[in-house]
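Trainee: sequence first, then the predicted structure:
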Amino acid sequence: MLQPFKLCNLVLSRSFSGYVSRIRYLMRLKEDDEACREALKSGNFLLYHKLSPLLRKTSSGTYKLASLKTSDLEQILENVGKDTHFVNESFLLGCTDKGEPQFSLEVGDLDRSALEKECRGMFVDLRKAFFMLPGPESPLAAKGQALLRWHQTNCYCSATGQPTVRNQSGSLRVCHSSGITYYPKMAPVVIVLVSDGSRCLLARQAMFPPGMYSALSGFCDMGESMEEALHREVAEEVGLEVENLQYSGSQHWPFPQSSFMLACHATVNPDKTKVNIDKAELEDARWFTYEEISEALQNPPRDPRRDLPAFWVPPSYAIANQLIQEWANQQQLSRKLHGLK
Ligand SMILES: NC(=O)c1ccc[n+]([C@@H]2O[C@H](COP(=O)([O-])OP(=O)(O)OC[C@H]3O[C@@H](n4cnc5c(N)ncnc54)[C@H](O)[C@@H]3O)[C@@H](O)[C@H]2O)c1
Ligand SMILES: [Mg+2]
């Protein structure tokens with residue numbers, strides 16, 4: 001049985017009037033080119049160089065997304081020899097709590113090191129940035145990249161081959177020849193943490209960084225429900241039949257071309273836990289104890305390319321991490337109830 005969605009809590013926890021007025025403002029910017037052009041004059045801009053976001057080191061040694069005001073961005077563009085009208089090529093991302101519009105801009109045609117010097121920051125691969133950024137900034141960095149990539153790969157109409165034209169906010173592209181409107185897309189993906197009651201099943205693909213294991217995942221096929229996709233993926237990848245699906249949450253994930261992750265917990269019969277791995281998809285899949293999982297959650301790597309532990313899990317922003325954390329919490333609770341450590 002699926003658990004009820006958690007959306008009501010999410011909505012109720014927000015300041016209603018502030019939230020509604022921000023959403024209405026964004027709706028107007030999305031649809032009204034003139035209003036969006038006006039908003040660009042007082043915007044906050046995230047820069048990406050070949051899809052890598054610009055980060056800045058703080059005085060305490062941590063990192064944050066570099067957010068540039070319009071006037072600062074125009075000055076930087078002038079300094080690197082670019083026309084300031086280039087600002088108009090930005091895409092609308094959202095607005096801050098103070099109602100200031102936020103945009104993303106791809107600057108991959110400009111000299112990277114000159115820009116880094118001008119901006120007092122550095123362009124960092126997004127997967128690595130997820131390990132460096134404070135929690136609330138990762139979704140924004142991901143959305144910025146996803147929107148830029150979608151526009152870069154949807155410049156032509158798939159029916160006519162003619163160029164598509166964006167609106168000012170970047171919420172859509174139109175082919176004037178066929179009349180088709182294209183909207184940014186996400187591919188639905190199921191992700192599931194399978195438990196046998198005392199252990200959980202994690203897997204790794206050959207392309208993962210060494211030592212990283214994650215929950216099982218897979219793209220939904222055309223016509224499938226989330227539940228069908230989830231049963232099929234687990235059967236395909238590890239040869240097990242799952243039961244007791246419990247919805248956990250969802251997230252946008254910018255890779256490979258924007259996925260919409262639907263996350264669940266599931267169980268298997270503890271007498272039927274032998275995995276039969278599809279080696280075309282997975283390099284390894286195995287059962288992990290509560291102790292192994294706790295250790296991995298408490299010691300995340302700081303940099304996914306250096307000093308890696310023998311076993312580690314995806315960064316806290318990834319919904320796989322949320323599933324693993326929830327499973328560990330639930331195990332801890334049941335251990336307390338049974339008087340175990
Ligand atoms: N945020 C998270 O915590 C998290 C965790 C795990 C996986 N993911 C993401 O989920 C995505 C899917 O997981 P997976 O790799 O296990 O999927 P998967 O098991 O379905 O295998 C991927 C293969 O499916 C095929 N495929 C079918 N539909 C596709 C589509 N729309 N786009 C691309 N390929 C498609 C391709 O052949 C591809 O190689 C990955 O891109 C990964 O980035 C996110
Ligand atoms: Mg998979």
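Mentor: Received it, and whenever you're ready, just let me know what you need. Ligands and ions are numbered 1, 2, ... in the order given.
Trainee: when you work out contacts or count neighbours from here on, use the C-alpha atoms and nothing else.
Mentor: Noted.
Trainee: what lines up beside the longest strand anywhere in the chain in the sheet?
Mentor: Longest strand of the chain, by residue count under DSSP state E: strand 243-253. Strand pairing for strand 243-253, using DSSP bridges, gives strand 259-267 (antiparallel).
Trainee: report the next helix or strand after the partner strand in sequence order.
Mentor: Going down the chain from strand 259-267, the next helix or strand is strand 284-289, by DSSP states H and E.
Trainee: hey, C-alpha coordinates of that next one in CSV?
Mentor: Coordinates of each C-alpha in strand 284-289 appear next as CSV, following Å, rounded to 0.1, in the frame of the first residue of the first chain:
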residue,chain,number,x,y,z
ASP,A,284,27.4,-5.2,-8.2
ALA,A,285,24.5,-5.4,-5.9
ARG,A,286,24.6,-6.6,-2.3
TRP,A,287,22.9,-6.5,1.1
PHE,A,288,24.2,-4.0,3.6
THR,A,289,23.8,-4.2,7.4
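Trainee: sheet partners, orientation included, of it?
Mentor: If you go by DSSP bridges, strand 284-289 pairs up with strand 199-204 (antiparallel).
Trainee: next secondary structure after the partner strand?
Mentor: Immediately after strand 199-204, counting by DSSP H and E, sits strand 216-219.
Trainee: what packs against that next one?
Mentor: strand 187-195, helix 226-238 (3 or more C-alpha pairs under 8 Å, 6 or more residues apart in numbering; DSSP states H and E).
Trainee: how about the residues of the chain that lie near ligand 1?
Mentor: Within the chain, the positions lying close to ligand 1 (C-alpha under 6 Å from any ligand atom) are A187, V189, S217, G218, F219, W253, F255, P256, A318, I319, A320.
Trainee: could I have the buried ones of these as ChimeraX selection syntax?
Mentor: Remark: buried members of these, expressed as a ChimeraX selection using 16 or more other C-alpha atoms under 10 Å:
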select :187,189,217,218,219,253,318,319,320
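Trainee: OK, contacts around C200?
Mentor: Going by C-alpha atoms under 8 Å, 6 or more residues apart in numbering, C200 touches L193, V194, W287, F288, T289, Y290.
Trainee: quick one: contacts for the first one?
Mentor: What it means is L193. L193 neighbours (C-alpha under 8 Å, 6+ apart): C200, L201, L202, A215, L216, C264, H265, A266, A320, L323, I324.
Trainee: okay, now the unreliable bits of the stretch 201-341 of the chain?
Mentor: 304, 341 (pLDDT under 70).
Trainee: what sits opposite the most centrally placed residue in the chain in the beta ladder?
Mentor: By C-alpha atoms, centre = their mean, the chain has its centre lying nearest to W253, at 3.0 Å. Following DSSP bridges, W253 is listed with bridge partners S259.
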